[in-house]
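Trainee: Show me how the following folds:
(one chain, ligands or ions: 1)
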Amino acid sequence: MITGPDLQSLVSQIADEMRARPDRGRVADYIPELARVDPAYFGMAVALPDGTVAAAGDADTPFSIQSISKVFTLTLALGIAGDRLWKRVGREPSGSAFNSIVQLESEKGVPRNPFINAGAIAVTDVILSGHKPREALGEILRFMRFLSDDQGVAIDKAVAESEQRTGFRNMALANYMKSFGVIENPVDYTLGVYFHHCAIAMSCRQLALAGRFLAQSGRHPATGLSVIQAERARRINAIMLTCGHYDGSGEFAYRVGLPGKSGVGGGILAVVPGQASIAVWSPGLDAAGNSHLGRIALEAFAKRSGVSIFGA
Ligand SMILES: NC(=O)CC[C@H](N)C(=O)O
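Mentor: Residues are numbered from 1 along each chain as shown. Next up is the predicted model:
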C-alpha cells in the first residue's frame with residue numbers, strides 16, 4: 001500500500017479524472033429528496049490506521065449514506081444477538097435487486113443477507129428489540145459518531161421523511177416478513193428506524209474514518225478499543241465482498257477486488273484489510289443501483305496501488 005504524498009497525489013489524480021468524465025450514471029429518484037442531488041459531485045477519502053486521511057474533490061461534503069449504514073447496523077446487531085442473528089437473516093448473495101421481494105416467499109420470510117433491504121430491515125428489528133425507536137436510533141448515531149471521531153454526524157430529516165412518505169416497497173417487505181414472524185416489533189417502528197439510519201449524512205472523510213475498524217481487525221484505531229472481535233470483522237468484510245453491491249457484487253469483486261458496500265446516495269465504503277478504509281461518492285448510479293463513477297474510481301485506485309485482495 002502506498003502512503004504519504006504518493007497516496008495523496010493518487011487520490012487527487014483519480015478525483016480529477018472522475019470530475020472530467022461525462023458518463024455519470026443516474027441519480028436515484030425513487031426517494032424524491034435524493035433526486036435533487038447534483039450528479040457533478042465527486043469525493044474520495046482514504047483513511048489509514050493512524051488516522052491520516054488522503055482526500056480529494058468533494059470529500060468534505062456530507063451525502064446520504066443510505067445502504068452503507070447497513071454495515072454498521074449489522075455490526076451492532078451482531079453485538080446484541082451474536083450468532084443468533086443468523087436465524088433471522090442469511091449470508092448468501094441474492095442475485096436480485098436490492099429491494100426485491102421474490103425470494104422471501106419460498107424462503108419463509110428469511111432474507112438472503114443483511115445488505116439487501118429485507119435483510120437490513122430484519123437487522124434493524126434486532127437492534128430495536130426492547131427499545132423505543134428513538135433510543136435505537138440514538139444508539140446507531142452514537143456508534144457512527146464514535147467510529148468517525150466526529151460528533152457532527154447527523155441524520156438528514158428531509159431525506160428520512162421523503163423515504164417514509166414513499167417507501168411502499170420497504171413497507172411491503174417489512175409486512176411480509178412480519179407475517180412469517182421474522183419482524184418482532186411493530187412494523188412502523190422498525191421501518192422508522194430503518195429509514196432514519198439510511199438517512200444519516202456523512203462526508204467521505206467521516207465515512208472512511210468510521211470504516212477503519214473493519215480494516216484493523218475490529219479495533220478502533222483512535223482509542224485502541226475493540227469494536228468487535230477480529231473474527232467478526234473478517235466475516236463482515238466477507239459479506240461485504242459477496243453481497244455489498246447486490247446483483248452487482250460479482251462485477252465489483254471482479255473489477256475492484258475489495259470488500260465494499262454501496263448506497264443509493266452514490267457512496268461506496270471499501271476496505272483494504274490491514275491497511276486502509278476508503279470512501280468514494282458520486283451520486284449517479286448504474287443499473288444495479290451502485291455508484292457508477294464510485295466503482296470506476298475504486299477500480300483505478302485498486303489497480304494503481306495494487307491493493308486488491310486477490311493480488312496486484
Ligand atoms: N440501496 C440502498 O441504498 C437502498 C436504501 C434505501 N433507503 C431503500 O431502502 O431503498
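Trainee: Up against the ligand, what does the stretch 51-200 of the chain have?
Mentor: When proximity is defined as Cβ under 6 Å from any ligand atom, the stretch 51-200 of the chain approaches the ligand at Gln66, Ser67, Phe98, Asn99, Asn117, Glu163, Asn170, Cys198. No exception for glycine: its C-beta is placed from N, CA and C like everyone else's.
Trainee: Span of stretch 240-249 from start to end?
Mentor: With Cα to Cα, to the nearest Å as the measure, stretch 240-249 spans 9 Å from end to end.
Trainee: Going along the chain, name the strands of the stretch 101-250 of the chain.
Mentor: 154-155, 200-202 (DSSP state E, counting those that start in this stretch).
Trainee: centroid residue for the chain?
Mentor: Nearest to the mean C-alpha position of the chain, counting by Cα atoms, centre = their mean, stands Ile68 at 1.4 Å.
Trainee: hang on, that residue packs against Gly266?
Mentor: No: if you go by Cβ atoms under 8 Å, Ile68 and Gly266 don't touch, sitting 10.2 Å apart.
Trainee: My understanding was that Ile239 contacts Asn113; is that so?
Mentor: Yes: with contact defined as Cβ under 8 Å, Ile239 counts as touching Asn113 (6.4 Å).
Trainee: Give me the common contacts of these two.
Mentor: Applying Cβ atoms under 8 Å, 6 or more residues apart in numbering, one finds that Ile239 and Asn113 are jointly contacted by Arg91.
Trainee: now the residues of the stretch 51-200 of the chain next to the ligand: which count as buried?
Mentor: Gln66, Ser67, Phe98, Asn99, Asn117, Glu163, Asn170, Cys198 (16 or more other Cβ atoms under 10 Å).
Trainee: Keep only those of these that are in helices.
Mentor: Asn117, Glu163, Asn170, Cys198 (DSSP state H).
Trainee: which among the residues you listed gets closest to the ligand?
Mentor: Cys198 (3.5 Å; Cβ to the nearest ligand atom).
Trainee: For the residue nearest to that closest one when sequence neighbours are not counted, give me the pLDDT.
Mentor: Once flanking residues are discounted, Cys198 sits nearest to Gln66: 4.9 Å by Cβ to Cβ, 6 or more residues apart in numbering. On pLDDT, Gln66 comes in at 98.
Trainee: now the one 4 residues further on
Mentor: If you check Lys70, the pLDDT there is 98.
Trainee: In the helix or strand hosting Thr73, which residues are buried?
Mentor: Per DSSP states H and E: Thr73 is located in helix 69-81. Going by neighbour count (16+ other Cβ under 10 Å), the buried part of helix 69-81 is Ser69, Lys70, Val71, Phe72, Thr73, Leu74, Thr75, Leu76, Ala77, Leu78, Ala81.
Trainee: what's near enough to touch the residue lying closest to the last one once chain neighbours are set aside?
Mentor: Going back to what we said before, that points to Ala81. In this structure, Ala81 finds its nearest non-sequential neighbour in Val126, 5.2 Å apart by Cβ to Cβ, 6+ apart. Taking Cβ under 8 Å, 6+ apart, we find Val126 in contact with Ala77, Ile80, Ala81, Leu85, Arg88.
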